[in-house]
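Q: what follows is a predicted structure for the sequence shown.
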Amino acid sequence: MQVYEELQARGLLAQVTNEEEIRKMVNAGKATFYIGFDPTADSLHVGHFMALCLMKRLQMAGNKPIVLIGGGTAMIGDPSGRSDMRKMMTTETIEHNVECFKKQMSRFIDFSDGKAILANNADWLLNLNYIELLREVGACFSVNRMLTAECYKQRMEKGLSFLEFNYMIMQSYDFLELYKRYDCNMQFGGDDQWSNMLGGTELIRRKLGKDAHAMTITLLLNSEGNKMGKTQSGAVWLDPNKTSPFEFYQYWRNVADADVLKCIRMLTFLPLEQIDEMDAWEGAQLNEAKEILAYELTKLVHGEEEAQKAKEASKALFAGGTNMEHIPTTTLTDEDFIDGSIDILALLVKGEMTKNRSEARRAVEQGGVLAGDEKISDVKKAYTKQELSGDGLLVKKGKKTFHKFVI
């Protein structure tokens, strides 16, 4: 099975501009393609994960990826999938985030010997002359057509700023620039980027008289239709300092039964034949499938050693074991104690097990919190430094959230 057919079989492809041409180029390893990543945080997250895996698959088949860091477009903000305007970032913040992205991407993409290109659209966008851009590019875009794009339509009711309205033009200009600089003939991205990507292919056709192609990736949604990669405390990050390997493992270990086989098919590099055999799995076998999913993805992001540690820690916890070596841990300082003690609500918030004390109170009152072997029913329950010394205290919220507190 060639790579394009494998992408189809894994359910990764959503929309394409010219399927026959794209199939031919990708399978022959002749595509020079790009995917853009706006550095809106100091770490990549699960939302980027599928795109990174797609780049890895295509590179393994001989195609050449261009990783485009949006150092310029991040100053505008993509309105796609947003109900409000993104927070404006400083130049210093964007530059810091760009450097963080570069380090993480090298785990997925091989940049050696010219096998991939790392570009930053700040190199050309920040030096654009506004009048020249309007004359050169503005005339190629129909406002009427732009307003029919899904990314704009959903914002029209609440208000779409002129700043964000320019995002499609900037992304389209990126494609034009990459075509001219690197012979980039394809753009891949999430299915919510379709309108922006078509803008790029049309701009290349009008300015250069050349054909360029676009292909979108299926969005990673759960069985309820919501984007995956979010937890109660926020995004699931690829940076181990923001989401530990154990927490990353636990996220995938706890996906719904209805989602696990889809995630294995779309995200792991396990052979399709092996995954096809799992399609008939049910009941207790789905727990085994979740362990396979969690291990494979943790290994991809954090390496085999960390994946094995997370697996062992998870098994120890669910088996009632006491091995807490690799559990997410918070070290408490003197400032955390009031009159020599810290209450259970403060611990839950400190460990980001709940967003605030009100949520922590509800969790305790509903009987969902254990500290050590004790079920906590008193919201005023507090612990001294002496009680938290030694191996610390393991707190559990619900069936799946664990955190260790030490002095």
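A: All right, it came through fine. Numbers count the residues shown, from 1 in each chain.

Q: contacts and neighbour counts: CA atoms only from here.
A: Noted.

Q: okay, buried residues for the helix or strand harbouring residue 97 please.
A: Assigned by DSSP states H and E, residue 97 belongs to helix 91-105. Going by neighbour count (16 or more other Cα atoms under 10 Å), the buried part of helix 91-105 is 94, 97-98, 100-101, 105.

Q: one more: stretch 248-259?
A: Under 16+ other Cα under 10 Å, the buried positions of stretch 248-259 are 248-255, 259.

Q: same check, this time on stretch 230-250
A: Within stretch 230-250, judged by 16+ other Cα under 10 Å, the buried ones are 235-239, 243-250.

Q: phi, psi of the residue of the chain positioned farthest from its centre?
A: Distance from the centre of the chain peaks at residue 339, with 41.7 Å (Cα atoms, centre = their mean). Backbone torsions for residue 339, taken as degrees, to the nearest 10, come to phi 50, psi 40.

Q: and it, how far from residue 384?
A: 9 Å (Cα to Cα, to the nearest Å).

Q: now do residue 313
A: Taking Cα to Cα, one finds residue 313 at 27 Å from residue 384.

Q: who's more crowded, those two?
A: Higher neighbour count among residue 313 and residue 384: residue 313, with 22 against 14, using other Cα atoms under 10 Å.

Q: got the buried residues for the helix or strand containing the more buried one?
A: Residue 313 belongs to helix 304-318 when assigned by DSSP H and E. Buried residues in helix 304-318, counted by 16+ other Cα under 10 Å: 306-314, 317.

Q: got a markdown table for those, with distance to residue 271 too?
A: As requested, the buried residues of helix 304-318 are exported to a markdown table (distance: Cα to Cα, whole Å):
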| residue | distance to residue 271 |
| --- | --- |
| 306 | 23 |
| 307 | 20 |
| 308 | 21 |
| 309 | 24 |
| 310 | 23 |
| 311 | 21 |
| 312 | 25 |
| 313 | 27 |
| 314 | 25 |
| 317 | 30 |
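
Q: who does the host helix or strand of residue 404 touch, helix- and strand-wise?
A: Element membership for residue 404 (DSSP H and E) is strand 401-406. Using 3 or more Cα pairs under 8 Å, 6 or more residues apart in numbering; DSSP states H and E, the elements in contact with strand 401-406 are strand 329-331, strand 393-397.

Q: strand partners (parallel or antiparallel) of it?
A: strand 329-331 (parallel), strand 393-397 (antiparallel) (DSSP bridges).

Q: now do that strand against helix 304-318, angle only.
A: 100 degrees (axes from the mean of the first three to the mean of the last three Cα atoms, to 10 degrees).

Q: how far is strand 401-406 from where the chain is centred?
A: Remark: strand 401-406 is offset 25 Å from the chain centroid, using Cα atoms, centre = their mean, to the nearest Å.

Q: which parts of it are buried?
A: Buried, per 16+ other Cα under 10 Å, within strand 401-406: 402-406.

Q: and stretch 268-285, by the same measure?
A: Buried-residue list, stretch 268-285, by 16+ other Cα under 10 Å: 268, 272, 275.

Q: for that stretch, what is the average pLDDT?
A: Per-residue pLDDT over stretch 268-285 has a mean of 92.

Q: repeat that for stretch 63-80.
A: 79.

Q: that older thread, the residue farthest from the centre of the chain and residue 183, how far apart?
A: Residue 339 is 67 Å from residue 183, by Cα to Cα.

Q: assess the claim that residue 61 and residue 29 are in contact.
A: Yes. Look at residue 61 against residue 29 with Cα atoms under 8 Å: they come within range, at 5.8 Å.

Q: which neighbours do the two share?
A: Jointly contacting residue 61 and residue 29 under the rule Cα atoms under 8 Å, 6 or more residues apart in numbering is no residue at all.

Q: related to what we said a few turns ago, take the buried residues of stretch 230-250 and keep only those in strands.
A: Residues of the buried residues of stretch 230-250 located in strands (DSSP state E): residue 235.

Q: so which of the buried residues of stretch 230-250 sits lowest on pLDDT?
A: residue 235 (82).

Q: who does it bridge with?
A: residue 230.

Q: who touches it in this structure?
A: Residue 235 touches 45-46, 229, counting by Cα under 8 Å, 6+ apart.

Q: how close does it sit to residue 354?
A: For residue 235, the distance to residue 354 - Cα to Cα - is 14 Å.

Q: returning to what we had before: any chance of the buried residues of strand 401-406 in a markdown table with distance to residue 375 as columns?
A: Shown next, in a markdown table, are the buried residues of strand 401-406 (distance: Cα to Cα, whole Å):
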| residue | distance to residue 375 |
| --- | --- |
| 402 | 14 |
| 403 | 15 |
| 404 | 16 |
| 405 | 17 |
| 406 | 19 |
